[in-house]
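Enquirer: below is the sequence, then the predicted model.
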Amino acid sequence: MVTAIVHIKADVDRIPEVAQMIAELDGVSEVYSITGEFDLLAMVRVQRYEEIAEIVPGRLNKVPGVNHTETHIAFRTYSRHDLEAAFSIGLDESD
């Protein structure tokens with residue numbers, strides 16, 4: 001699975017509408033309204049890198065109200081669950 005994190009600048013008066021349209025795109029798993037330089041953050045999860053090009057510049061950037069995007073490709077995932085498993089040596093905590 002390939003994950004891309006897409007920061008999006010949108011027309012301020014259309015953020016909810018833009019977020020909803022982006023969330024409905026195939027390959028977009030989540031869209032967050034965020035603070036800071038960007039207005040929205042979209043998580044794109046696909047099987048192949050080539051699909052990112054189809055989704056981000058091919059569809060997401062064409063959503064009315066999207067003014068600018070910045071895409072970051074994730075190369076490794078860390079989560080609380082993954083870290084707990086990595087540090088677990090299989091001992092029962094009651095020992």
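Expert: Nice, thanks for sending it over. Because the structure is a prediction, the values reported are computed rather than measured.

Enquirer: contacts and neighbour counts: CA atoms only from here.
Expert: Fine.

Enquirer: which parts of this structure are helices?
Expert: Remark: helices assigned in the chain by DSSP state H are 15-23, 49-55, 80-87.

Enquirer: list the contacts for Val66?
Expert: Neighbour list for Val66: Ile8, Lys9, Ala10, Asp11, Val18, Leu60 [criterion: C-alpha atoms under 8 Å, 6 or more residues apart in numbering].

Enquirer: which phi and psi does the closest residue to the fifth one other than its chain neighbours have?
Expert: If I follow you right, that is Val18. Leaving aside its sequence neighbours, Val18 sits nearest to Gly65 (C-alpha to C-alpha, 6 or more residues apart in numbering; 6.2 Å). When read as degrees, to the nearest 10, the backbone of Gly65 gives phi 100, psi -10.

Enquirer: is it true that Gly65 touches Asp11?
Expert: Yes: because the distance of 5.1 Å satisfies C-alpha atoms under 8 Å, Gly65 is recorded as touching Asp11.

Enquirer: check the contact lists of the two and give me the overlap.
Expert: With contacts defined as C-alpha under 8 Å, 6+ apart, no residue is shared by Gly65 and Asp11.

Enquirer: Gly65: how many residues sit nearby?
Expert: Around Gly65 there are 18 other residues, counting by other C-alpha atoms under 10 Å.

Enquirer: and the strands in this protein?
Expert: 2-10, 28-33, 40-46, 66-74 (DSSP state E).

Enquirer: which intervals of the chain have sub-threshold pLDDT?
Expert: Low-confidence segments of the chain, defined by pLDDT under 70: 80-95.

Enquirer: 90 instead, please
Expert: Filtered on pLDDT under 90, the chain yields the residue ranges 1, 76-95.

Enquirer: nearest residue to the middle of it?
Expert: Met43 (1.3 Å; C-alpha atoms, centre = their mean).
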